[in-house]
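Asks: Output the structure for:
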Amino acid sequence: MKKNILFLCTANSCRSQMAEAWLRHLKPTQFNAYSAGIEQHGLNAIAVQVMAEVGIDMSNHHSKSLDDLADVHFDFVFTVCSHAHETCPYFPGSAQVIHKGFADPPKLAESLSKQSEILDCYRRVRDDIKTFVNHIETFLI
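Replies: Presented below is the predicted three-dimensional model:
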């Protein structure tokens, strides 16, 4: 049976969305991938753009809160930002909560003005998340 994995972030706009998309793309027969945020801020357009560069379409994704996934039993919950890790709610049942933080692309890019530099921030985090997802089994107990 496939395990249900949730990627939790503050806003479910960027990092958690990329992690969900990577897991769906790289390991669709092993896991059911979900993402949500402590809050909902909408989908980050630059995250959608850099994922499209590697052939992954996130344009149909939308920002979700934990309430939107209340009926799903999660086996593993990965907090992908410090704020989500610090405020992570209790998950009933046997969900194992694991923190694996990634840099925040909008924060990395906030002082940049060149579009190429901004995109590079997002690409770096995108690639970091891909590397993590490729080896996600090493985090699962």
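
Asks: Can you pull the poorly scored residue ranges out of this structure?
Replies: For the chain, applying pLDDT under 70 flags the ranges 84-86, 88-93.

Asks: contacting residues for the most centrally placed residue in the chain?
Replies: With distances taken as CA atoms, centre = their mean, Ser16 lies nearest the centre of the chain, 1.6 Å away. Counting by CB atoms under 8 Å, 6 or more residues apart in numbering, Ser16 touches 7-9, 35-37, 80, 84. For the C-beta atoms, the positions are set from N, CA and C on the backbone; glycine is no exception.

Asks: List the buried residues for stretch 34-48?
Replies: Using 16 or more other CB atoms under 10 Å as the burial criterion, the residues of stretch 34-48 that qualify are 34-40, 43-44, 46-48.

Asks: Between which two of the residues you listed is the distance greatest?
Replies: The largest separation in the buried residues of stretch 34-48, counting by CB to CB, is between Tyr34 and Ile46 at 22.0 Å.

Asks: Can you dump the C-alpha atoms of the helix or strand that contains the residue nearest to the centre of the chain in CSV for me?
Replies: Taking DSSP states H and E as the definition, one finds Ser16 inside helix 15-26. Extracted in CSV, the C-alpha atoms of helix 15-26 (Å, rounded to 0.1, in the frame of the first residue of the first chain):
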residue,chain,number,x,y,z
ARG,A,15,8.4,24.9,-1.4
SER,A,16,5.7,22.5,-0.3
GLN,A,17,4.1,22.7,-3.7
MET,A,18,7.4,21.9,-5.4
ALA,A,19,7.9,19.0,-3.1
GLU,A,20,4.5,17.6,-3.8
ALA,A,21,5.0,17.9,-7.5
TRP,A,22,8.5,16.3,-7.4
LEU,A,23,7.2,13.3,-5.4
ARG,A,24,4.2,12.8,-7.7
HIS,A,25,6.7,13.0,-10.7
LEU,A,26,9.5,10.9,-9.4
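
Asks: and the next element down the chain from that helix?
Replies: Next along the chain from helix 15-26, counting by DSSP H and E, comes strand 31-37.

Asks: Give me the angle between that following strand and helix 15-26.
Replies: Strand 31-37 and helix 15-26 meet at an angle of 170 degrees, taking axes from the mean of the first three to the mean of the last three CA atoms, to 10 degrees as the criterion.
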